[in-house]
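[1] Got a predicted structure plus its sequence, pasted below:
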Amino acid sequence: MISQIHLDDLAASARHGAGNAGSMLSRWLHREVRIEVCSVASVRLDLIPQEGEDAGATTITIASRVNGGLPGNAAVQLSYADATQLVVCLGGKLPGEEQAGGIGEMERSMLQETANILFSSMMNGMASRMDIVAVPLAPVVLVDVGTAAWDALLIESAACADDAVVVTARIACIGSGPTIHLVFLPSPEVLHAITRGAGHD
């Protein structure tokens, strides 16, 4: 687990990255977007917050492979209600949950671009303290019944790590927006490098 002093440093990096992401989204959407980081925690993989654990609930997982100096996976899992709220915030509209498989290309692109901006800003906020660069690949949007897509990501990461860095943040525009959990799933070596690079021995 990461010590509290290192988590505080990661939180400062995440807030800086969130500010950059909010500015970029505001320019893209031509409306004010705020991303407020609530907390940063080191969490065991089996304790990561999950949406849609009820049978039949639809979830949307947005995931990206991260290359460069911080290899791993970055992902956000949204309940369908939170995804709907986020897309409305971005200026689009999702179909009803019973038609979740029919999400339009525009709304899918909105989710991808938002995740791309968020992942790039957050990951490079962490990486900048170590004088390295994180390179998230283009995110994929996975619409799922239950948590199969999310579970697959965790199973892949469990092969080489026990913990993840979880950034809890609220995205707000037009006065409202969802709270999200951005999960970074690094290798043990990368997790160790994050703590060493945070400015403490």
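    Done, it's in.

[2] For the protein, which segments count as strands?
    34-44, 58-68, 72-79, 134-136, 140-145, 163-172, 179-186 (DSSP state E).

[3] Can you find the helix or strand in the chain with the smallest mean pLDDT?
    helix 188-196 (a mean of 68; mean pLDDT, DSSP states H and E).

[4] Report all helices and strands that the lengthiest helix in the chain contacts.
    Identified as the longest helix of the chain according to DSSP state H is helix 4-29. Counting contacts by 3 or more C-beta pairs under 8 Å, 6 or more residues apart in numbering; DSSP states H and E, helix 4-29 packs against strand 34-44, helix 105-128, strand 163-172, helix 188-196. C-beta here means a position set from N, CA and C on the backbone, and glycine is covered the same way.

[5] List the buried residues of it.
    Neighbour counts using 16 or more other C-beta atoms under 10 Å place 6-7, 9-25, 29 of helix 4-29 among the buried residues.

[6] Strand 163-172 and that helix, what's the angle between them?
    40 degrees (axes from the mean of the first three to the mean of the last three C-alpha atoms, to 10 degrees).

[7] between helix 4-29 and strand 34-44, how many degrees?
    140 degrees.

[8] how far off strand 179-186 does helix 4-29 point, in degrees?
    Using the same axes, to 10 degrees: helix 4-29 against strand 179-186 is 120 degrees.

[9] List the buried residues in stretch 34-51.
    34-35, 37, 40-43, 45, 48, 51.

[10] quick one: which two of these are the most distant?
    Within the buried residues of stretch 34-51, Arg34 and Leu45 form the most distant pair, 29.8 Å apart (C-beta to C-beta).

[11] Number of residues surrounding Asp82?
    19 (other C-beta atoms under 10 Å).

[12] Oh, that last question was meant for Ala169, not what I typed.
    As a burial measure, Ala169 scores 27 neighbours (other C-beta under 10 Å).

[13] correct me, but it touches Thr179?
    Yes: at 7.2 Å, Ala169 and Thr179 qualify as touching, with contact defined as C-beta atoms under 8 Å.
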